[in-house]
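J.: prediction below, plus the sequence it came from.
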There are 2 protein chains.
Amino acid sequence: MAEIITAAMIVIGDEILSGRTKDRNIGHLADVMSAIGIDLKEVRIVADEEDDIVPAVNALRARYTYVFTTGGIGPTHDDITADSVSKAFGVPCEYDDRAYAMLEAHYATRGIEFTEARMRMARMPRGADHIDNPVSLAPGFRIGNVHVMAGVPAIFQAMLDNVVPTLKTGQKLLSAAIHCPFGEGVIGGPLGEIQKAHPDTIIGSYPKYLDGAFWTELVVRARTQETLDAAAAEVRAMVEALGPAKP
Amino acid sequence: MAEIITAAMIVIGDEILSGRTKDRNIGHLADVMSAIGIDLKEVRIVADEEDDIVPAVNALRARYTYVFTTGGIGPTHDDITADSVSKAFGVPCEYDDRAYAMLEAHYATRGIEFTEARMRMARMPRGADHIDNPVSLAPGFRIGNVHVMAGVPAIFQAMLDNVVPTLKTGQKLLSAAIHCPFGEGVIGGPLGEIQKAHPDTIIGSYPKYLDGAFWTELVVRARTQETLDAAAAEVRAMVEALGPAKP
């Protein structure tokens, strides 16, 4: 049996918690992880405060194969992700020679002053590796199993594309979705029996509500096709046995 | 000085972590909390597993004024929020007389069998109060400072509308947004100085990237109008002093 690879995400950003910005990175990471067979197990959204970031990094890096962070790597005073991740790992946060040289050359070419604020973007925990940023300039970084990336969705997505080939990927969780024209009350009992009979699957029931009527999306997940097919066939048979939904 | 009221949210749902469903409740709760002066400080998205839900509930209810959960209160086997919250509080999860009678009457009127699965929706921690559900039937519940609500956005929003009048609300965090036509590299230094000079404000810098150009939304937050105005004026002056963005 293939190893199960797990991941967690930390979204660092007051602007998400205040509602001013609506997160678009969680859904993207979830989709990518599902596609490559890594189980995203937990997400935390925390404020731009060291006392919130450090414990989240330490709790999650100990528990999961990989941790991905978004946000807080820019040049302003509220960008404290590099400092916080350094503190979590107990290493100094210092100028990275390669990042510093890259930023310095970039600004020199354009005749832009390389200010102290811009220099902040070259800071990372001692021992970190770069995560290339093909959209803007400042690199993200990886230290241990923690990958630190930008919060701007276009940049986060580009950085993640660079990270994915470096990850151990798991056996992809296969899934089958079954439309059920009834609400959960109708199917709860028999569905629970099918779950019990197929302990190697995860059967999820996702209620939907549209125009005053309930329907349910049933999703069977398993790591092998045979396991999936056996459970999905029973779920389909259960739905068919219920007949058409009442008008 | 008014009391600072804080909140955390727990989104319970494998379907969000798998990417199959994109969460729409976090942004809504964030907006509502901001509007009524409660600081949303942390969000966790956890799997439909007791071992994930119980520690999240206990960690967050101890730390924040209020906790709000979404998801996992339906009639299927994967709806384990009531059991998990009961366990977190160390109380039995049992049929609530009022919820049971309400569900029983509802199904009797419609000639629908009141199955064991449907009865599950009447279970809640001993000592919990109802949160009315004007959209479908099954109530949410409140125990201590934890409010348990549905995951379907229309139902979550309706339940939250019923919860808001019961909350202590804080002194609303006032905010002023200032458009800055420059990227963070240009403003990082001077903005940090303004933050240092105005410690009672929170100055956030949110980089935006559109069509190859960077701009920044600067947001000043404070609890009094005078404090806000003083810092916002300095930020505006800083942006104006930079002149128009280069084409």
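T.: The structure has been received and is ready for your questions. Keep in mind that what you see is a predicted model, and the values were worked out from it rather than measured. Numbering: from 1, shown residues only, chains lettered A, B, ... in the order given.

J.: so who does the spatially most central residue of chain A touch?
T.: The structure's chain A has its C-alpha centroid closest to residue A:29; by C-alpha atoms, centre = their mean the separation is 3.8 Å. Residue A:29 makes contacts with A:7, A:9, A:40, A:68, A:160, as judged by C-beta atoms under 8 Å, 6 or more residues apart in numbering or on different chains. To be clear about C-beta, it is placed using only N, CA and C from the backbone, and glycine gets the same treatment.

J.: what about stretch A:17-24, how long is it end to end?
T.: This stretch, stretch A:17-24, spans 13 Å end to end (C-alpha to C-alpha, to the nearest Å).

J.: then stretch A:139-157?
T.: Length of stretch A:139-157, first residue to last, C-alpha to C-alpha: 13 Å.

J.: what about the longest helix seen in chain A and chain B, any contact?
T.: Using DSSP state H to define each element, chain A has its longest helix at helix A:225-241. No: Helix A:225-241 lies out of reach of chain B by C-beta under 8 Å from any C-beta of the partner chain, never closer than 11.8 Å.

J.: and chain A, what are its domains?
T.: Using automatic domain parsing, the domain parsing of chain A gives A:6-166, A:174-241.

J.: could you identify which of these is most buried?
T.: Among the domains of chain A, judged by mean count of other C-beta atoms under 10 Å in any protein chain shown, the one packed with the most neighbours on average is domain A:6-166 (a mean of 20).

J.: could I get the average pLDDT for it?
T.: Domain A:6-166 carries an average pLDDT of 94.

J.: again, but for stretch A:198-206
T.: Mean predicted confidence for stretch A:198-206 is 88.

J.: show me how far it is from its chain's centre.
T.: On the basis of C-alpha atoms, centre = their mean, to the nearest Å, stretch A:198-206 sits 22 Å off its chain's mean C-alpha point.

J.: what backbone torsions are found at residue A:33?
T.: With angles defined as degrees, to the nearest 10, residue A:33 sits at phi -60, psi -50.

J.: and it, how far from chain B?
T.: Residue A:33 is 7 Å from chain B, where distance means C-beta to the nearest C-beta, to the nearest Å.

J.: same check, this time on residue A:181
T.: Residue A:181 is 15 Å from chain B, by C-beta to the nearest C-beta.

J.: so how far is residue A:242 from that residue?
T.: Distance of residue A:181 to residue A:242, given as C-beta to C-beta, to the nearest Å: 8 Å.

J.: ok, now residue A:198?
T.: Distance from residue A:198 to residue A:242, by C-beta to C-beta: 19 Å.

J.: where along chain A do the helices fall?
T.: Along chain A, counting by DSSP H, helices occupy A:14-17, A:25-36, A:50-63, A:81-89, A:97-110, A:116-120, A:153-163, A:184-197, A:225-241.

J.: list the helices and strands the third one packs on?
T.: Contact here means 3 or more C-beta pairs under 8 Å, 6 or more residues apart in numbering or on different chains; DSSP states H and E; on that basis helix A:50-63 packs against strand A:6-12, strand A:39-46, strand A:66-70, helix A:81-89.

J.: next, the angle from that helix to helix A:81-89.
T.: Orientation of helix A:50-63 against helix A:81-89 (axes from the mean of the first three to the mean of the last three C-alpha atoms, to 10 degrees) gives an angle of 60 degrees.

J.: off-centre distance for helix A:50-63?
T.: 15 Å.

J.: which residues does stretch A:14-28 contact?
T.: Stretch A:14-28 has contacts (C-beta under 8 Å, 6+ apart) with A:9, A:11, A:13, A:43, A:45, A:47-48, A:70-71, A:78, A:151, A:153, A:156-157, A:160, B:16, B:19, B:22-23, B:26-27, B:30-34, B:39-43, B:45, B:173, B:175, B:177, B:202, B:204, B:206, B:219, B:221.

J.: now do it: distance from first to last residue.
T.: Terminal residues of stretch A:14-28 lie 20 Å apart, using C-alpha to C-alpha.

J.: equivalent analysis for stretch A:205-224, please.
T.: 20 Å.

J.: and for stretch A:164-179?
T.: Taking C-alpha to C-alpha, stretch A:164-179 runs 32 Å from one end to the other.

J.: and stretch A:41-61, by the same measure?
T.: With C-alpha to C-alpha as the measure, stretch A:41-61 spans 12 Å from end to end.

J.: repeat for stretch A:165-185
T.: 43 Å.

J.: distance check, residue A:75 against residue B:117.
T.: 55 Å.

J.: how about residue A:73?
T.: The gap separating residue A:73 from residue B:117 is 47 Å, by C-beta to C-beta.

J.: just residue A:217 next, same as before
T.: Distance, residue A:217 to residue B:117, using C-beta to C-beta: 17 Å.

J.: now swap in residue A:229 and tell me
T.: 25 Å.

J.: give me the distance between the two termini of stretch A:57-75.
T.: Per C-alpha to C-alpha, stretch A:57-75 runs 21 Å from first to last residue.

J.: next: stretch A:173-193.
T.: Distance across stretch A:173-193, first residue to last, is 22 Å (C-alpha to C-alpha).

J.: what is the distance between it and the centre of its chain?
T.: From the chain centre to the centre of stretch A:173-193 is a distance of 26 Å (C-alpha atoms, centre = their mean).

J.: same question for stretch A:96-103.
T.: The answer for stretch A:96-103 is 28 Å, by C-alpha atoms, centre = their mean.

J.: any idea of the pLDDT on residue A:245?
T.: On pLDDT, residue A:245 comes in at 67.

J.: do you know how far the closest residue to residue A:219 other than its chain neighbours is from residue B:46?
T.: Spatial nearest neighbour of residue A:219, chain neighbours left out: residue A:204 (4.5 Å); criterion: C-beta to C-beta, 6 or more residues apart in numbering or on different chains. Distance from residue A:204 to residue B:46, counting by C-beta to C-beta: 14 Å.

J.: now do residue A:206 against residue A:59, distance only.
T.: Counting by C-beta to C-beta, the gap from residue A:206 to residue A:59 is 28 Å.

J.: before we move on, what about residue A:8?
T.: Distance, residue A:8 to residue A:59, by C-beta to C-beta: 9 Å.

J.: what of residue A:239?
T.: Distance from residue A:239 to residue A:59, by C-beta to C-beta: 40 Å.

J.: and residue A:201, by the same measure?
T.: Distance, residue A:201 to residue A:59, by C-beta to C-beta: 29 Å.

J.: could you do residue A:235 as well?
T.: Residue A:235 is 36 Å from residue A:59, by C-beta to C-beta.

J.: test my guess that residue A:183 contacts residue A:218.
T.: No: assessed by C-beta atoms under 8 Å, residue A:183 is found out of contact with residue A:218, at 12.0 Å.

J.: I am finished for the moment; much appreciated.
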